[in-house]
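Peer 1: Provide a 3D model corresponding to the input given below.
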Amino acid sequence: MIEKGFFLFQSNFETFSRRVVLGFLVLFGLNACTEPFDLSNENIEDFLVVNARITDELTNHRIVLSRTIGFGNNVRPIYESGATIVVTENNATNYSFSEIESGIYESDQEFRAVSGQEYQLSIRTQNGLSYRSDKVIAPQQGSLDEVYVKRMRNEDGVDGVGIFVNSFDPSGNSKFYRFGYEETFRVSAPLWISVDVEPKLTPDGIGFRLVERPESQKVCYQTQLSNNINLVNTSGFAEDRIQDLPIRFIPADDIVVAERYSILVNQFIQTQEAQSFYRVLDDFSGSDNLFAQIQPGFIGGNIFLENDPDTKALGFFDVSSLSQKRVFFDHDDFLGDLPPFELDCEEVVPPQPANSNISIEERLEILRGFIIANKARLKVPPYIPPPGEFPTFVFIPRECGDCTALGKAEAPEFWIE
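Peer 2: Numbers count the residues shown, from 1 in each chain. Now for the predicted structure:
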């Protein structure tokens, strides 16, 4: 139960980055080959990977550069530093980007993509190679009409809540949609107490002292990003309308809805080329064998090496229109008659020495190592014995007494109770 909780809160970034890199590799193969693509004969160690999106939101936009390393299931990205990045609007206005972290570049000024205007991405890497994207015309602005929540039972008979969206463009020009989300939830440490214990070194050996446990370890907040691709094409619909589109299903016993939950749904209106790119990426990122023999004919990325247009970078320069809506709800709003998720807070026993005849000093050293490993917290205020006596502490998993094992103590700026 504890391990399940830990897995739940691990960042999705590494997993998603790996999926995207692998998907880009497949797309590259699809675009570059006239024969079935066989990566077993290719050196993939020096492909530039570009994650570049600008929208009509007035903000400092970010672009992430990395390179692939390894092969097969061991492919992983490493960040690309020292690049020069410029986005050009209508061959006239340049927006430069600066590196704020390794491989992460942010525009030096706020700007927005304007519908009907043309944008192009230029990248010059530290080793002197210059890449350029195709010119992309920003799509029209759109509006996400509604995000709503309802209690439901999924196809497997699991009770929970579903998140759905409605959207409508009366002009009929949007057509190509992509949806994502950011979800944030509140989580509390059920067995928080006001004291903790820490070891201290004294002239007489190892001792222990009680310290104050911060109030900030009572209630925390965790944010997670969607890592799936949710696409809708309304070209064949009677009207440009999306009705009751499922975005997320959350089982009633999931920790994210144990207390209070919020979801920000992102609707991107994008170009047909972007729709095709993400469709192929979605098809292959879920495959058990991404590097199987694949027939050509699908669209690849739109970023290429300037002096060799047939050499593609792995990625896509995406210019889209963004519309967002956020909703909040509490567990009892929809699931009050169902038990919420509960952490497994069974007592944790420190490692016991294999040899019962070892000295008390050696036993104290084992206890000290257990405490500083930071995987457990006191369950109840202890009695600190006099020097020379072995203390008895009752521990529980860290997340049961310290919510920062699961999230951040500071509430996000948008959070409301």
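Peer 1: could you use CA atoms for every contact and neighbour count after this?
Peer 2: Will do.
Peer 1: partner residues bridging the residue nearest to Val158 when sequence neighbours are not counted?
Peer 2: Distances taken as C-alpha to C-alpha, 6 or more residues apart in numbering put Pro251 closest to Val158, at 6.5 Å, once the chain neighbours are dropped. Taking DSSP bridges as the rule, Pro251 bridges to Gly160.
Peer 1: if I look at Pro251, how far off is Tyr181?
Peer 2: 17 Å (C-alpha to C-alpha, to the nearest Å).
Peer 1: again with Cys220
Peer 2: 20 Å.
Peer 1: Pro351 now?
Peer 2: From Pro351 to Tyr181 the distance is 42 Å (C-alpha to C-alpha).
Peer 1: ditto for Gly172
Peer 2: 24 Å.
Peer 1: what residues does stretch 351-363 touch?
Peer 2: 205-206, 366-367, 370, 388, 390 (C-alpha atoms under 8 Å, 6 or more residues apart in numbering).
Peer 1: tell me the two of those that are most distant?
Peer 2: Phe370 and Gly388 (19.3 Å; C-alpha to C-alpha).
Peer 1: who has more neighbours, the two?
Peer 2: Phe370 (15 against 12; other C-alpha atoms under 10 Å).
Peer 1: isn't the more buried one up against Pro350?
Peer 2: Yes - contact criterion C-alpha atoms under 8 Å: Phe370 and Pro350 qualify, at 6.3 Å.
Peer 1: quick check: neighbours shared by the two?
Peer 2: By C-alpha under 8 Å, 6+ apart, no residue touches both Phe370 and Pro350.
Peer 1: for Ser320, what are its contacts?
Peer 2: Here Ser320 is in contact with 53-56, 113, 138-139, 268-271 (C-alpha under 8 Å, 6+ apart).
Peer 1: neighbour-wise, which one of these leads?
Peer 2: Counting by other C-alpha under 10 Å, top hit in the contacts of Ser320: Ile269 with 28 neighbours.
Peer 1: only alpha carbons, please: show the longest strand along the chain as CSV.
Peer 2: Criterion DSSP state E: the longest strand present in the chain is strand 314-330. Output of strand 314-330 as CSV, limited to C-alpha atoms (Å, rounded to 0.1, in the frame of the first residue of the first chain):
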residue,chain,number,x,y,z
LEU,A,314,12.8,15.0,-33.8
GLY,A,315,9.9,17.2,-32.8
PHE,A,316,7.4,19.7,-34.0
PHE,A,317,7.0,23.4,-33.9
ASP,A,318,3.4,23.8,-32.7
VAL,A,319,1.5,27.1,-33.0
SER,A,320,-2.0,26.8,-31.5
SER,A,321,-4.8,28.6,-29.8
LEU,A,322,-5.3,27.9,-26.1
SER,A,323,-8.5,28.1,-24.1
GLN,A,324,-8.7,27.0,-20.4
LYS,A,325,-11.3,26.3,-17.7
ARG,A,326,-10.8,25.2,-14.1
VAL,A,327,-13.2,23.4,-11.8
PHE,A,328,-12.9,22.5,-8.1
PHE,A,329,-14.8,19.9,-6.1
ASP,A,330,-14.6,18.1,-2.7
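Peer 1: that one: which residues count as buried?
Peer 2: In terms of neighbour count (16 or more other C-alpha atoms under 10 Å), strand 314-330 has its buried residues at 314-326, 328-330.
Peer 1: give the burial count for Ala92, as a bare number.
Peer 2: 7.
Peer 1: how near is it to Leu264?
Peer 2: In terms of C-alpha to C-alpha, Ala92 sits 35 Å off from Leu264.
Peer 1: the strand or helix carrying Arg248 packs against which elements?
Peer 2: Using DSSP states H and E, Arg248 maps to strand 241-251. The helices and strands touching strand 241-251, judged by 3 or more C-alpha pairs under 8 Å, 6 or more residues apart in numbering; DSSP states H and E, are strand 159-168.
Peer 1: which secondary structure elements does the strand it packs on contact?
Peer 2: strand 144-153, strand 241-251.
Peer 1: could you dump those into a markdown table with mean pLDDT and distance to Asp159 added?
Peer 2: What follows is the helices and strands packed on strand 159-168, written out as a markdown table (pLDDT from 0 to 100; distance: least, C-alpha to C-alpha, whole Å):
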| stretch | mean pLDDT | distance to Asp159 |
| --- | --- | --- |
| strand 144-153 | 97 | 4 |
| strand 241-251 | 97 | 6 |
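Peer 1: okay if I get those strands as JSON lines plus distance to Ile163 and mean neighbour count?
Peer 2: JSON lines is the format used below for those (distance: least, C-alpha to C-alpha, whole Å; neighbours: other C-alpha atoms under 10 Å):
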{"stretch": "strand 144-153", "distance to Ile163": "5", "mean neighbour count": "17"}
{"stretch": "strand 241-251", "distance to Ile163": "5", "mean neighbour count": "16"}
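Peer 1: output those strands as CSV; include the columns distance to Ile63.
Peer 2: Formatted as CSV, the helices and strands packed on strand 159-168 follow (distance: least, C-alpha to C-alpha, whole Å):
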stretch, distance to Ile63
strand 144-153, 25
strand 241-251, 26
